[in-house]
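[1] Here is my input; please provide its structure:
(4 chains)
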Number of protein chains: 2
Amino acid sequence: MMATPARGMSARAAQAERTRQQILETAQRLFTEIGYDATSLQMIADEMGLTKAAVYYYFRAKSDIRHAALKPGIERLKSLLDEVAEMRSRRARVDHLVTGLVDFLVQHRHAVMSPAESSEAKHAPDDEQVHEMRWRALSLIFGEEPTAVERLCFDAAFSLPRSLSTLADLSDEELGEALRTTMLRILLRVPS
Amino acid sequence: MMATPARGMSARAAQAERTRQQILETAQRLFTEIGYDATSLQMIADEMGLTKAAVYYYFRAKSDIRHAALKPGIERLKSLLDEVAEMRSRRARVDHLVTGLVDFLVQHRHAVMSPAESSEAKHAPDDEQVHEMRWRALSLIFGEEPTAVERLCFDAAFSLPRSLSTLADLSDEELGEALRTTMLRILLRVPS
DNA sequence: GTCTATATATAGATAGAC
DNA sequence: GTCTATCTATATATAGAC
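    Residues are numbered from 1 along each chain as shown, chains lettered A, B, ... in the order given. Okay, here's the model as predicted:
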């Protein structure tokens, strides 16, 4: 779970932690590039010069890798929504949510996994959480009873992470600015 | 390939055509609900009370079912773009594309398959075509050198088909109107 | 900590009976 | 036209040697 080996760890344990982290990064990249279902543990092992069994030493199941890969994004989104919930004006809420999300997206632009689009999407605890947060965000932005158009604007704006792969030619700054501008435009001034 | 058995067909052949069509509809529904990769031929066969081998009699491979399921949408989009290309004003082009697309989406709202999100997405001819049409549509709406924000607005608007499943509570009329309004709002009056 | 070897399940696909 | 039976490949996952 740790990004860096803790102090006091043996050299062996530190190496193990690095290996674990590398598996996670490799898996995350493959999930992003070709999708979760299409990524086999064999591919992950091959890319790292390990065997499947070695991968299983670090993760008990394929779904655990998915869980670990999704975790930082889920945590970030959760705390972002907590912060947003404290804000009074709608404008400030939208602004904070968009800015926070865009910053996270740009930082992880090459490893952004959409939680949906996996055959595990049903009943997996991660996806339950994402689903709940989606509802929470919708309420925070458009109130308890959003109109159909508002719901669509919400979906349109927050579907943009899926488009990251088609924007590889942009620098981090350009990408961030474009994402922020577009999301704000879609979410603010929605016609009734 | 035909939606209805042609005149002069034997009763046996007509029955075969119906079975083929039913397999297609069942598969399409499952592809939409749980995704292409997660749908096995066994599931399709089970839902219809057939065996896998029977399904293979009608379709030589799983990918052929996908191809047949995608075909109507691809054809519709292709002719729509041909029509749009003939129009002079940008406003008319956006209007015609959005209206045509929304009509198609509402009509097939329970069986809309996103061409991407399958492990076959690479090098499958269907996806090549969709990719080309995406570029063509982008050029028709925003010109040959769209800005980053314009590309994002394009993606946001045309990602909306993915949201159909979350709008099951709307009537066809409500859905169509909301889709049309939202897409037009996102695609028109994009800030420079 | 990483390996070989293997268990088990299921995928897509085919051959041939009826 | 639909079936049973089977093939082959590959998936996730485990046991136990080193």
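[2] How about the residues of chain A by DNA strand D?
    A:Thr39, A:Ser40, A:Leu41, A:Gln42, A:Met43, A:Lys52, A:Ala53, A:Tyr56, A:Arg60, A:Ala61, A:Lys62, A:Ser63 (Cβ under 7 Å from any atom of the strand). (C-beta placed from N, C-alpha, C; glycine too.)
[3] repeat that for 6 Å
    Applying Cβ under 6 Å from any atom of the strand, we find that chain A lies next to DNA strand D at A:Ser40, A:Leu41, A:Gln42, A:Lys52, A:Ala53, A:Tyr56, A:Arg60, A:Ala61, A:Lys62.
[4] overlap between those and the residues near DNA strand C?
    A:Ala53.
[5] Get me the contact residues on chain A for chain B.
    Neighbours of chain B within chain A, by Cβ under 8 Å from any Cβ of the partner chain: A:34-35, A:37-38, A:117-119, A:121-122, A:147-149, A:151-153, A:155-157, A:159-160, A:162-163, A:166-167, A:170, A:174-175, A:177-179, A:181-182, A:185-186, A:190-191.
[6] May I have the worst-scoring helix or strand of chain A on mean pLDDT as CSV, with CA atoms only?
    Least confident element among the helices and strands of chain A, by mean pLDDT, DSSP states H and E: helix A:11-34 (a mean of 89). Taking Å, rounded to 0.1, in the frame of the first residue of the first chain, the C-alpha atoms of helix A:11-34 are listed here in CSV:
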residue,chain,number,x,y,z
ALA,A,11,16.8,-4.2,2.4
ARG,A,12,14.9,-7.3,1.3
ALA,A,13,11.5,-6.0,2.4
ALA,A,14,12.3,-2.7,0.6
GLN,A,15,13.1,-4.5,-2.6
ALA,A,16,9.9,-6.4,-2.2
GLU,A,17,8.0,-3.1,-1.8
ARG,A,18,9.6,-1.8,-5.0
THR,A,19,8.7,-4.9,-6.9
ARG,A,20,5.1,-4.6,-5.8
GLN,A,21,5.0,-1.0,-6.9
GLN,A,22,6.4,-1.9,-10.3
ILE,A,23,3.9,-4.6,-10.8
LEU,A,24,1.2,-2.1,-9.9
GLU,A,25,2.5,0.5,-12.4
THR,A,26,2.9,-2.0,-15.2
ALA,A,27,-0.6,-3.4,-14.6
GLN,A,28,-2.1,0.1,-14.4
ARG,A,29,-0.4,1.0,-17.7
LEU,A,30,-1.8,-2.1,-19.4
PHE,A,31,-5.2,-1.6,-17.9
THR,A,32,-5.2,1.9,-19.4
GLU,A,33,-3.9,0.9,-22.8
ILE,A,34,-5.8,-2.2,-23.6
